[in-house]
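Enquirer: Next comes the sequence, and after it the predicted model I'd like to discuss.
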Amino acid sequence: MSLRDYEFEMDFCSRCSHCKWIPLLFIKSHRYANVCPAIERFNFHAYSGSGRVIAAHSVHEGRSEITDELLDVIYRCQLDGACNVMCHLSNEILEPLQIIRELRTLAVERGMLLPEHTMIIDSMRKEDNVLGEKKADRGKWAEGLDVKDINSGEAEVFYHAGCRYSYNQDLRGIARTGISLLRGAGVDVGIAGGEEACCGGRAFDIGYRGEMEKYADDFANRLRSSGASTLVTSCSDCYSAFKHLYPMIGKKLDVEIVHITEYLDRLIKEGRIALCKEVPLRVTYHDPCHLGRLGEEYTPWSGEWKTVHGGVIVSDPPKPVHKGLGGVYDPPRDVLKAIPGLQLLEMERNREFSWCCGAGGGVLEAYEDFAAWTAMERIEEARSTGAEALVTACPWCERNFKDAVAANGHGITVYDVVELVQEAAG
């Protein structure tokens, strides 16, 4: 795909600015009405979904060049998918998110690179991770665990930890806890350990599609040889890559793909995990973008646009419209509600209208101050609910929130859903 494939769609941005706001029906206050971090922070139309579509259209038609100034606009965006969801509520033709991705790919092809993103790609090519860590240390998170090595045997469930959980010292315990919970419930689970590699999603988002295609092929081969029928991951970025991005590039995985929160929800409802211990805590849940809006299964479409009845534009065959409704929203909440003593409080912006944590799309690496500001906006919203803790289900969200809390001294604790399940299970 390229911008050429979206020539028709790019003509249909009406500059309505719906991409910037939660739908009026769902707005609860002026303070938390905005859904796009970039337009809220920089307050200039170019930094909105619509603004970037207009820029892409201009570049494609040769009216504009990709300058350093435009590069800043292109990459000060978490690619959280909010503009896509808001646009599709009233416009089922335009694809803002994919057009922005194609603009990034074009920037890479033209050699317009951010050095921080070049470092990510170099790390992936040398060490198979996005964090600049050693490949040899990939499997250390699982040392001492009683779990199958998928490289030398088969298992019903293939567990993928992801880069963050594998390498971050204060996060890897979450992956270990996830495995312990699965094993305790009698799940036949295996891991790739030191042979695990990046999903490639971050490379795709910053414009290096070929890198993700390579990782998708490698992962599919490893998955086939494992004999697994179910793929479980704790990382929402990986979940989105497996369920949404891989099918987008024609690399759909032929297994059931579930996030750890979905699997734990299943095990709890089946009675295989008992939550007996009270956890007296007021919490609010943050929907990770890659588990929610971007966790919706991608359905490819190949067709054409037609004009009927003197001017009505329709797709033939009907084009699937991704509105973010098919993401993983209920399972994490059902798990939290099953914990005795725990009270779940909702933020104003939740589910498909959730505010981003700030870490996605290469923003954390290239624009750390913007990532931190975005996280603090969400933390303020979490505190406004009266919650004592902010709970999520994504290592990138957890890392960014924890760093923001540490830097600003706000009295709220950040948890992963898995940690609270472990505490309640005793």
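Expert: Received it, and whenever you're ready, just let me know what you need.
Enquirer: Low-confidence stretches in the stretch 201-350 of the chain?
Expert: For the stretch 201-350 of the chain, applying pLDDT under 70 flags no range at all.
Enquirer: Now for residue 203: which residues touch it?
Expert: 120-121, 124, 130, 209, 211-212, 215 (Cβ atoms under 8 Å, 6 or more residues apart in numbering). Just so you know, the C-beta spots here come from the backbone N, C-alpha and C atoms, and that holds for glycine as well.
Enquirer: now, the most widely separated pair of those?
Expert: Greatest spatial distance among the contacts of residue 203 (Cβ to Cβ): 130 and 209, at 15.4 Å.
Enquirer: Neighbour count: those two, which is higher?
Expert: residue 130 (25 against 22; other Cβ atoms under 10 Å).
Enquirer: Okay, strands next: where are they in this protein?
Expert: In the chain, strands defined by DSSP state E lie at 148-149, 157-160, 189-191, 230-233, 256-259, 281-285, 304-308, 312-316, 342-345, 389-392, 413-416, listed in chain order.
Enquirer: mind checking which of those strands is nearest residue 7?
Expert: Residue 7 lies closest, by Cβ to Cβ, to one member of these: strand 304-308, at 10.8 Å.
Enquirer: which residues are contacting the closest one?
Expert: The contact list for strand 304-308, computed with Cβ under 8 Å, 6+ apart, reads 8, 93, 313-316.
Enquirer: can you check stretch 260-272 too?
Expert: Contact partners of stretch 260-272, identified using Cβ under 8 Å, 6+ apart, comprise 157, 178, 181-182, 185-187, 230, 232-234, 258, 273, 275, 291, 328, 331-332, 334-335, 338, 393, 417-418, 421.
Enquirer: Buried ones from those, can you make that a ChimeraX selection?
Expert: Buried members of the contacts of stretch 260-272, identified by 16 or more other Cβ atoms under 10 Å, are gathered into one ChimeraX selection as follows:
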select :157,178,181,182,185,187,230,232,233,234,258,273,275,291,328,331,332,334,335,338,393,417,418,421
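Enquirer: The contacts of stretch 260-272 in helices, which ones?
Expert: Of these, the ones assigned to helices by DSSP state H are 178, 181-182, 331-332, 334-335, 417-418, 421.
Enquirer: can you redo those as a markdown table with distance to residue 197?
Expert: Output for those, formatted as a markdown table (distance: Cβ to Cβ, whole Å):
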| residue | distance to residue 197 |
| --- | --- |
| 178 | 19 |
| 181 | 24 |
| 182 | 21 |
| 331 | 27 |
| 332 | 26 |
| 334 | 32 |
| 335 | 29 |
| 417 | 25 |
| 418 | 22 |
| 421 | 27 |
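Enquirer: of all these, which comes closest to residue 381?
Expert: Once Cβ to Cβ is applied, the member of the ones in helices among the contacts of stretch 260-272 that ends up nearest residue 381 is residue 332, at 17.4 Å.
Enquirer: So what would you say the end-to-end distance of stretch 50-68 is?
Expert: Chord length of stretch 50-68, first to last residue, is 19 Å (Cα to Cα, to the nearest Å).
Enquirer: and if you look at stretch 253-268?
Expert: Span of stretch 253-268 from end to end, Cα to Cα: 26 Å.
Enquirer: what comes up buried for that stretch?
Expert: Going by neighbour count (16+ other Cβ under 10 Å), the buried part of stretch 253-268 is 253, 255, 257-268.
Enquirer: can you list the strands of the chain in CSV and add distance to residue 114?
Expert: Listed next are these as CSV, based on distance: least, Cβ to Cβ, whole Å:
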stretch, distance to residue 114
strand 148-149, 38
strand 157-160, 28
strand 189-191, 33
strand 230-233, 27
strand 256-259, 30
strand 281-285, 32
strand 304-308, 35
strand 312-316, 36
strand 342-345, 38
strand 389-392, 27
strand 413-416, 28
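Enquirer: Nearest to residue 77 among the ones you listed would be which one?
Expert: strand 389-392 (20.7 Å).
Enquirer: Which strands border that closest one, and is each parallel or antiparallel?
Expert: Partners of strand 389-392 in the sheet, by DSSP bridges, are strand 281-285 (parallel), strand 413-416 (parallel).
Enquirer: Enumerate residues external to that strand that contact any of its residues.
Expert: Contacts to strand 389-392, defined as Cβ under 8 Å, 6+ apart, come from residues 281-288, 332, 336, 357, 378-379, 382, 398, 401, 412-417, 420.
Enquirer: Drop anything exposed from the residues you listed.
Expert: Buried by 16+ other Cβ under 10 Å: 281, 283-288, 332, 336, 357, 378-379, 382, 398, 401, 412, 414-417, 420, out of the contacts of strand 389-392.
Enquirer: Distance check, the residue positioned nearest the centre of the chain against residue 393.
Expert: Against the mean C-alpha coordinate of the chain, by Cα atoms, centre = their mean, the closest residue is residue 290 at 2.0 Å. Applying Cβ to Cβ, to the nearest Å, the value for residue 290 to residue 393 is 10 Å.
Enquirer: Could you pull out the residues contacting both of these two?
Expert: residue 236.
Enquirer: Helices of the stretch 101-250 of the chain, start to end?
Expert: Assigned by DSSP state H, counting those that start in this stretch, the stretch 101-250 of the chain shows helices spanning 115-127, 163-167, 172-184, 201-206, 209-226, 236-240, 246-248.
Enquirer: picking that back up, out of the buried residues of stretch 253-268, which one sits closest to residue 302?
Expert: residue 253 (20.1 Å).
Enquirer: Might you report the residue contacts of residue 242?
Expert: By Cβ under 8 Å, 6+ apart, residue 242 lies in contact with 160, 199, 219, 231, 233, 253, 257.
Enquirer: Put together CSV for those, with distance to residue 97 on each row.
Expert: CSV is the format used below for the contacts of residue 242 (distance: Cβ to Cβ, whole Å):
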residue, distance to residue 97
160, 24
199, 18
219, 23
231, 24
233, 22
253, 21
257, 20
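Enquirer: which among those residues gets closest to residue 74?
Expert: Residue 74 lies nearest to residue 199 out of these, by Cβ to Cβ, at 22.6 Å.
Enquirer: Can you tell me how far residue 77 is from residue 378?
Expert: Here the criterion is Cβ to Cβ. By it, residue 77 lies 17 Å from residue 378.
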